[in-house]
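Participant: Any chance you could fold what I've pasted below:
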Amino acid sequence: QVQLVESGGGLVQPGGSLRLSCAASGRTFSAYAMGWFRQTPGKEREFVAAISWSGGRTYYADSVKGRFTISRDNAKNTVLLQMNSLRPEDTAVYYCAATKAARVLTTREYDYWGQGTQVTVSS
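Facilitator: Below is the predicted model:
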């Protein structure tokens, strides 16, 4: 069992930065690949970024590549999403998720989800 709690969301102006954090419970955190997804009202939850259990491999949606960076600290049971050059279209609820699956790009591969944190990009 893994419990996930996101934090760090908020209101930011276009071009600004935010860092999301996901704190995981349980001693098996390092066995899971971790992902970030986002969702806006009326739309499906979409993949943003993922990182392998070791941190050696990272994956990004084309829409955030070059602007967002995912990282993890297995000693602290934490995964981070550094978001730079934010755009209004990045506005969404951001979710952290955990999976032991080899595929990490779709929601159906993930077993555990956090409650989400709101990110709003607006002037």
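Participant: So which bits of the one helix or strand Cys22 maps to are buried?
Facilitator: Counting by DSSP states H and E, the element that carries Cys22 is strand 18-24. Buried residues in strand 18-24, defined by neighbour count with 16 or more other Cβ atoms under 10 Å: Leu18, Leu20, Ser21, Cys22, Ala23, Ala24. Backbone N, C-alpha and C define where each C-beta goes, glycine included.
Participant: between those residues, which is nearest Arg67?
Facilitator: The nearest member of these to Arg67, counting by Cβ to Cβ, is Leu18 at 11.3 Å.
Participant: Now the closest one: closest residue in space, sequence neighbours ignored.
Facilitator: Among residues not flanking Leu18 along the chain, Met83 sits closest, at 5.0 Å (Cβ to Cβ, 6 or more residues apart in numbering).
Participant: so that neighbour sits right up against Ser17, yeah?
Facilitator: Yes: between Met83 and Ser17 a contact is recorded at 6.2 Å, counting by Cβ atoms under 8 Å.
Participant: Counting neighbours around each, name which of these two comes out higher.
Facilitator: Met83 (26 against 11; other Cβ atoms under 10 Å).
Participant: and that one, how far is that from Val93?
Facilitator: Counting by Cβ to Cβ, to the nearest Å, the separation of Met83 from Val93 is 14 Å.
Participant: and what of Glu46?
Facilitator: Applying Cβ to Cβ to Glu46 and Val93 gives a distance of 11 Å.
Participant: Now do the shared contacts for those two.
Facilitator: Taking Cβ atoms under 8 Å, 6 or more residues apart in numbering as the criterion, Glu46 and Val93 both touch Arg38, Gln39.
Participant: quick one, which of the two is more surrounded?
Facilitator: More crowded of Glu46 and Val93, by other Cβ under 10 Å: Val93, with 18 against 14.
Participant: which stretch of helix or strand covers the more buried one?
Facilitator: For Val93, the host element (DSSP H and E) is strand 92-99.
Participant: That strand pairs with which strands, and in what direction?
Facilitator: strand 33-39 (antiparallel), strand 112-113 (antiparallel), strand 117-121 (antiparallel) (DSSP bridges).
Participant: List the contacts of the spatially closest residue to Gly10 that is not a sequence neighbour.
Facilitator: Computed as Cβ to Cβ, 6+ apart, the closest residue to Gly10 that is not its neighbour in sequence is Leu18, at 6.4 Å. Counting by Cβ under 8 Å, 6+ apart, Leu18 touches Gly8, Gly9, Gly10, Val12, Met83, Leu86, Val119.
Participant: That'll do, ta.
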